[in-house]
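Q: this one's sequence-less:
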């Protein structure tokens, strides 16, 4: 859904097929697949994890306690699968000769998403000139300071959630470069799909208030490209009954429960 008005939804079909008009109809109900999460402006929760690495051949269990995930780095190439790398910080580590998690939850069977399918919208318009997109979500210098009298630190402290990134695009006009030159706020929405089926799994990333912070031209002998860095800013115009969230980034996962 790319636009919402009182009586209409504007939809971009991810697999390239067309939508058959259902009207005129008296009413309709729309169900949102999966769940959406976003960074709220208040009421943040502090979640701790126990992370175990079990080496059955050596009978060694390394258990990392009171772990908080403080950064996520997403790489969305023009070809190939999307990847994500997490940075975690914990307060203690213990070891044992037996596994702690004896019946862990099985890995899901959902498809791997990639950036070649799906959709990419910049400034509200679909684009097909970006060759890569990278997004970093971090806790702004997360730290666990040492204290006197114990070798276990008291807590993992995180700052404001910052969202930065970069992308490279073919130079096919002045639209994207002018966003940087004129310091114009824009939006970046990326939808990654796990296939071409109408009901394919997907993950959507929406940043509705973005400022480009650099524009670096490349002068290769292939297609002319330009690299951009950006920062997602809190969107104060979003909120209840609005078409977007009051946040820096929102993520929708079709398989979230």
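A: Yes, it's here. Only a predicted model underlies this, so the values are computations on that prediction, with no experimental measurement involved.
Q: bridging residues for the spatially most central residue of the chain?
A: Centroid check for the chain by Cα atoms, centre = their mean gives residue 205 as the closest residue, at 4.8 Å. Counting by DSSP bridges, residue 205 forms beta bridges with residue 190, residue 251.
Q: isn't it right up against residue 187?
A: No. Proximity of residue 205 to residue 187 does not meet the contact threshold set by Cβ atoms under 8 Å, at 11.2 Å. Just so you know, the C-beta spots here come from the backbone N, C-alpha and C atoms, and that holds for glycine as well.
Q: okay, now residue 153: neighbour count?
A: Residues within reach of residue 153, counting by other Cβ atoms under 10 Å, total 17.
Q: residue 119 too?
A: 19.
Q: hmm, it is touching residue 12, no?
A: Yes. The pair residue 119 and residue 12 passes the contact test of Cβ under 8 Å, sitting 5.6 Å apart.
Q: find the residues that touch each one of those two.
A: Contact criterion Cβ atoms under 8 Å, 6 or more residues apart in numbering; residues shared by residue 119 and residue 12: residue 126.
Q: now do the helices in the protein.
A: Ranges of helices in the chain, per DSSP state H, are 175-181.
Q: longest strand in this structure, by residue count?
A: With secondary structure taken from DSSP state E, the chain has its longest strand at strand 60-77.
Q: that one - contacts with which helices or strands?
A: On a contact count with 3 or more Cβ pairs under 8 Å, 6 or more residues apart in numbering; DSSP states H and E, strand 60-77 meets strand 49-55, strand 83-89, strand 92-96, strand 130-138.
Q: could those strands go into TSV alongside mean pLDDT?
A: Shown next, in TSV, are those (pLDDT from 0 to 100):
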stretch	mean pLDDT
strand 49-55	95
strand 83-89	94
strand 92-96	93
strand 130-138	92
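Q: how close does residue 229 get to residue 217?
A: Computed with Cβ to Cβ, to the nearest Å, the distance linking residue 229 and residue 217 is 13 Å.
Q: and residue 52, by the same measure?
A: On the measure of Cβ to Cβ, residue 52 and residue 217 end up 48 Å apart.
Q: between residue 229 and residue 217, which one's more packed in?
A: residue 229 (16 against 10).
Q: for the nearest residue to the more buried one once chain neighbours are set aside, what are its contacts?
A: Of all residues beyond its chain neighbours, the one nearest residue 229 is residue 214 (4.3 Å), with distances taken as Cβ to Cβ, 6 or more residues apart in numbering. By Cβ under 8 Å, 6+ apart, the contact list for residue 214 reads 180, 227, 228, 229.
Q: show me the two of the residues you listed that sit farthest apart.
A: With distances taken as Cβ to Cβ, the most widely separated pair in the contacts of residue 214 is 180 and 227, at 11.0 Å.
Q: and residue 12, how many neighbours?
A: Here the number of neighbours of residue 12 (other Cβ under 10 Å) works out to 15.
Q: could you do residue 115 as well?
A: 23.
Q: I figured it hits residue 133, correct?
A: Yes. Counting by Cβ under 8 Å, residue 115 touches residue 133, with 6.8 Å between them.
Q: give me the common contacts of those two.
A: Common contacts of residue 115 and residue 133 (Cβ under 8 Å, 6+ apart): 76, 190.
Q: tell me how far the ends of stretch 222-237 are from each other?
A: Using Cα to Cα, to the nearest Å, one end of stretch 222-237 lies 41 Å from the other.
Q: what is the neighbour count of residue 5?
A: For residue 5, using other Cβ under 10 Å, the count is 8.
Q: low-confidence stretches in the stretch 1-150 of the chain?
A: For the stretch 1-150 of the chain, no stretch has pLDDT under 70.
Q: let's see 90
A: 1-33, 39-45, 77-81, 104-131, 139-147, 149-150 (pLDDT under 90).
Q: identify the residues contacting residue 131.
A: Contacts of residue 131 (Cβ under 8 Å, 6+ apart): 77, 78, 168, 169, 170, 225.
Q: correct me if wrong: the third one contacts residue 129.
A: No. Under the contact definition of Cβ under 8 Å, residue 168 does not touch residue 129, with a separation of 9.4 Å.
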